[in-house]
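Engineer: I would like to see how this sequence folds:
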Amino acid sequence: MKQKILIVEDLFVEANHLRIILTRAGYQVTGIARTFEEARELVRTNQPDIALLDIMLAGKKNGIELAKCLNQQHIPFIFLSANSSEDILREAKATRPSGFIVKPFREKDLLISLEIAEYLHQNSNDAQLRKEAVFLQDLKTLAENGGEWTAQLLGIVKAFQRLIPFDYVSAGFFGKNFLPFKGMHFLRIGFDEYQAMDAEGLRMVTNVRAAELANMMAALPPISQVEYYNAEKFRKMSAEIPLKKLIAGKFDMRSNLVMPIANISIDGKQFFFCFYSRRPDAFGEQDLELCARLQPAIESAIRKMIRAASTSGPDMELDHAIEVMAGSRSESPVFDSMVGQSHLMLNILDLISQVAPSDTSVLITGESGTGKEHVADTIHQLSPRKSKPFVKVNCAALPINLIESELFGHEKGAFTGATERRIGRFEQADGGTIFLDEIGDMPLEVQVKLLRVLQQREIERVGGTQPIKINIRVITATNRNLERAIAEGKFRLDIYYRLNVFPIAMPALRERTEDIAPLVHHFIGYFGRKTGKNISGISDRALAMLMDYGWPGNIRELENVIERSVLLAKGNSIDTVYLPAHPAVEGIAKAGPPVLKNIFENERDHIISVLKACEGRISGENGAAKILAIPPTTLSSKMKKLGIKKSIGF
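Structural biologist: Take a look at the predicted model:
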């Protein structure tokens, strides 16, 4: 029997039409609801496998609010809506649907979407179960092998990283007299590298007095249940709790998940894990459910660790108050081509390490020059297919009249000029991986044929009559907004949901400025070796200019700038850099041909000049937003996008 479907649709005619299609296709319709309340009751009584959900419902609450409830109960859903605007798609996407169908739709589109939803849901569940099984095995091994308290605690923290991404964690009992099982702080500084701090180490890093830190720890409120705090909620909560305010301010944390371990306490102090992230929306309801499932196993492991630590003496201090601990994550992947240690880059490395071992389809998004191809390369190299072909295709560079032949091949005589059989890119990748770059530029007529490849893993050469089975993994990338392309009718929804099984969004370079310095030194070393020049480094002034620049071309632009700077360097160090926004930097004559700027550079310069005139004020009667005639929030967003910082000097 196929899946049980719940229809949530305001219009009776539409709902009945859906029921007829589904029944004819062998699905069981468990009920039809018109309102949020009716749907929630049917979910409670009938437990559907999937919901078809209109965004506009009768009553006060809409389908997006119902989607949040369905997520809490792990029921996949597909949106059906006559509104395909970009804003609606963005709001709907935030609820993580398994599909989005625009009305009016074809029966075939609906049935394909249901198959995709089942596939996505099953793969998501399987992947989560595998990760939890690995965590539980790691926990068991740590508890059985014993060892020094801090190392064991860090072992649990590292095991958690696969399940709950974080940038900082406090773990243990916090207060006085908790040796040898005292609380520790771990700041993530690399893929498998953490800075471990005891109370004295935290005091040294944050530069507060010992008595003040002790008071902060003593003022920590009791924790009764697992809870998370995102964005504004975290800001308000940290303002009331001094220790959280200290951590948030010093390490730029923006969200928090607190996990007390039930039934483990000493002198009224409870053992807990307190995860922090620099992302404002890092945690959610799924993390509360995960913590509830893991509680018994974690409690058992902590009890064994405490018993072992209790018999090994009271003086289990770090050799130093601050230590860097690294290198014990089992089978850690090697990211040779990935440079950077920012939290955004570490999140990307986590995602790569999670998805590489599987055959899951990956969609890599991000601006041009952010390193999408490097990510695809790394996924393939860390996968079981690494010894098999890795075929790259730039969809934007293929001639429209030849793209089908390039991808799927052709038979001899299939068209004028086809003098021999040609093996297409998909067939060349058999057994390995195919990387479709700029997938957003693929013509609609070719997208239809790509769907067959994704669904049935088979192709048909142009002019051929027999399907050819292929065994491939598909990785795609685009710098386009695919949701907007879908809304404009330029990209198919069914293709999108087939490709977007595991999304990886690459951050722009201006969003991870702490990675600019290591990238600069990496490129200096590379181009120094390539050109035979002995370049030892870069001056502080030149590096500061690179840090202040907005990098609209991202890493690719930085690479080009460093290559040119290495070639033109007169000594062993780069003292001059050549940036589009700085035509007259150190040693470059001001006279000469005019420098032409692109639209982003012109907009950036204009905003900076207005901000300087307003002495840095963004909002208010005399603010830059008023002069530019845009909302302050829009101006802030543009400043971030264009890499405009307060440090520029206004």
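Engineer: what's the nearest residue to Ala429 once chain neighbours are set aside in contact with, if anything?
Structural biologist: Nearest residue to Ala429, sequence neighbours excluded (CB to CB, 6 or more residues apart in numbering): Val391, at 4.0 Å. Any C-beta I mention is one placed from the backbone N, CA and C, and that applies to glycine too. Val391 is in contact with 425-426, 428-429, 432-435, counting by CB atoms under 8 Å, 6 or more residues apart in numbering.
Engineer: Reformat those as TSV; add neighbour count, secondary structure and pLDDT.
Structural biologist: Shown next, in TSV, are these (neighbours: other CB atoms under 10 Å; DSSP: H, G, I helix; E, B strand; the rest coil; pLDDT from 0 to 100):
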residue	neighbour count	secondary structure	pLDDT
Arg425	20	helix	94
Phe426	26	helix	94
Gln428	16	helix	95
Ala429	23	coil	95
Gly432	18	coil	96
Thr433	24	strand	96
Ile434	25	strand	96
Phe435	26	strand	97
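Engineer: Among these, which one sits closest to Ala239?
Structural biologist: Nearest to Ala239, judged by CB to CB, of the contacts of Val391 is Phe435 at 46.6 Å.
Engineer: Starting from Ala624, give me the distance back to that closest one.
Structural biologist: Taking CB to CB, to the nearest Å as the measure, Phe435 falls 43 Å from Ala624.
Engineer: go on, Gly201?
Structural biologist: Computed as CB to CB, the Gly201 to Ala624 distance reads 42 Å.
Engineer: where in the protein is pLDDT low?
Structural biologist: 1, 83-86, 174-181, 267-268, 309-334, 581-601, 613, 621-622, 646-650 (pLDDT under 70).
Engineer: Show me it divided up by domain.
Structural biologist: 4-111, 146-326, 365-507, 512-648 (automatic domain parsing).
Engineer: and those as a markdown table, adding distance to Arg130?
Structural biologist: Below are these laid out as a markdown table (distance: least, CB to CB, whole Å):
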| stretch | distance to Arg130 |
| --- | --- |
| domain 4-111 | 16 |
| domain 146-326 | 10 |
| domain 365-507 | 14 |
| domain 512-648 | 30 |
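Engineer: Looking at those, which is nearest to Gln341?
Structural biologist: Closest to Gln341 of the domains of the chain, according to CB to CB: domain 146-326, at 5.6 Å.
Engineer: got a list of what the nearest residue to Arg203 once chain neighbours are set aside touches?
Structural biologist: Nearest non-adjacent residue to Arg203, counting by CB to CB, 6+ apart: Leu213, 4.9 Å away. Contacts for Leu213 (CB under 8 Å, 6+ apart) come out as 199, 202-203, 206, 243, 246.
Engineer: ok, Leu213 to Val258 distance?
Structural biologist: Using CB to CB, Leu213 is found at 19 Å from Val258.
Engineer: for Leu543, same thing?
Structural biologist: Per CB to CB, Leu543 is found 39 Å from Val258.
Engineer: more neighbours, these two?
Structural biologist: Neighbours per residue (other CB atoms under 10 Å) separate Leu543 from Val258, with Val258 holding more: 22 against 17.
Engineer: Is that one part of a helix or strand, or is it coil?
Structural biologist: Using DSSP: H, G, I helix; E, B strand; the rest coil, the secondary structure recorded for Val258 is strand.
Engineer: Tell me the bridge partners for it.
Structural biologist: Per DSSP bridges, the residues bridged to Val258 are Glu227, Cys274.
Engineer: Wait, it touches Pro221, no?
Structural biologist: No: counting by CB atoms under 8 Å, Val258 does not reach Pro221; the two are 10.0 Å apart.
Engineer: Going by distance to Leu290, which of the contacts of Val391 wins?
Structural biologist: Thr433 (30.6 Å).
Engineer: Just list whatever residues bridge to that closest one.
Structural biologist: Under DSSP bridges, the beta-bridge partners of Thr433 are Phe390, Arg473.
Engineer: gap between it and Ile630?
Structural biologist: Taking CB to CB as the measure, Thr433 falls 44 Å from Ile630.
Engineer: same check, this time on Ile400
Structural biologist: 39 Å.
Engineer: Met305 now?
Structural biologist: Met305 is 56 Å from Ile630, by CB to CB.
Engineer: what sits against His185?
Structural biologist: For His185, the contact set (CB under 8 Å, 6+ apart) comprises 168-170, 196-198, 201-202.
Engineer: out of Gly201 and Ala624, which sits in the more crowded spot?
Structural biologist: The residue with more neighbours, out of Gly201 and Ala624, is Ala624; 25 against 19, by other CB under 10 Å.
Engineer: was I right about that one contacting Ser609?
Structural biologist: No: the pair Ala624 / Ser609 is not scored as a contact, 9.6 Å apart, by CB under 8 Å.
Engineer: Pull the host helix or strand of Thr633 out as PDB, backbone CA atoms only.
Structural biologist: Following DSSP states H and E, the helix or strand that holds Thr633 is helix 632-641. C-alpha atoms of helix 632-641 as PDB (Å, rounded to 0.1, in the frame of the first residue of the first chain):
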ATOM      1  CA  PRO A 632      17.800  51.400   7.600                       C
ATOM      2  CA  THR A 633      17.500  47.600   7.400                       C
ATOM      3  CA  THR A 634      18.100  47.700   3.700                       C
ATOM      4  CA  LEU A 635      21.100  49.900   4.100                       C
ATOM      5  CA  SER A 636      22.600  47.600   6.700                       C
ATOM      6  CA  SER A 637      22.100  44.700   4.400                       C
ATOM      7  CA  LYS A 638      23.700  46.500   1.400                       C
ATOM      8  CA  MET A 639      26.700  47.500   3.600                       C
ATOM      9  CA  LYS A 640      27.200  43.800   4.600                       C
ATOM     10  CA  LYS A 641      26.800  42.700   1.000                       C
END
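Engineer: in that helix, what counts as buried?
Structural biologist: 632, 635, 638-639, 641 (16 or more other CB atoms under 10 Å).
Engineer: Also stretch 385-402?
Structural biologist: 385, 388-393, 395, 398.
Engineer: Ok, stretch 69-81 next?
Structural biologist: Buried-residue list, stretch 69-81, by 16+ other CB under 10 Å: 70-71, 75-81.
Engineer: same question, stretch 460-473
Structural biologist: Buried residues in stretch 460-473 (16+ other CB under 10 Å): 460-463, 468, 470, 472-473.
Engineer: ditto for stretch 289-301
Structural biologist: Neighbour counts over stretch 289-301 (16+ other CB under 10 Å) mark 290-291, 294-295, 298, 301 as buried.
Engineer: would you list the contacts of His185 in CSV and tack on secondary structure and distance to Pro357?
Structural biologist: Listed next are those as CSV, based on DSSP: H, G, I helix; E, B strand; the rest coil; distance: CB to CB, whole Å:
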residue, secondary structure, distance to Pro357
Tyr168, strand, 27
Val169, strand, 25
Ser170, strand, 31
Ala196, strand, 29
Met197, strand, 33
Asp198, coil, 36
Gly201, helix, 35
Leu202, helix, 36
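Engineer: so can I have a markdown table of those residues showing distance to Trp551?
Structural biologist: Output for the contacts of His185, formatted as a markdown table (distance: CB to CB, whole Å):
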| residue | distance to Trp551 |
| --- | --- |
| Tyr168 | 27 |
| Val169 | 31 |
| Ser170 | 35 |
| Ala196 | 34 |
| Met197 | 33 |
| Asp198 | 39 |
| Gly201 | 35 |
| Leu202 | 34 |
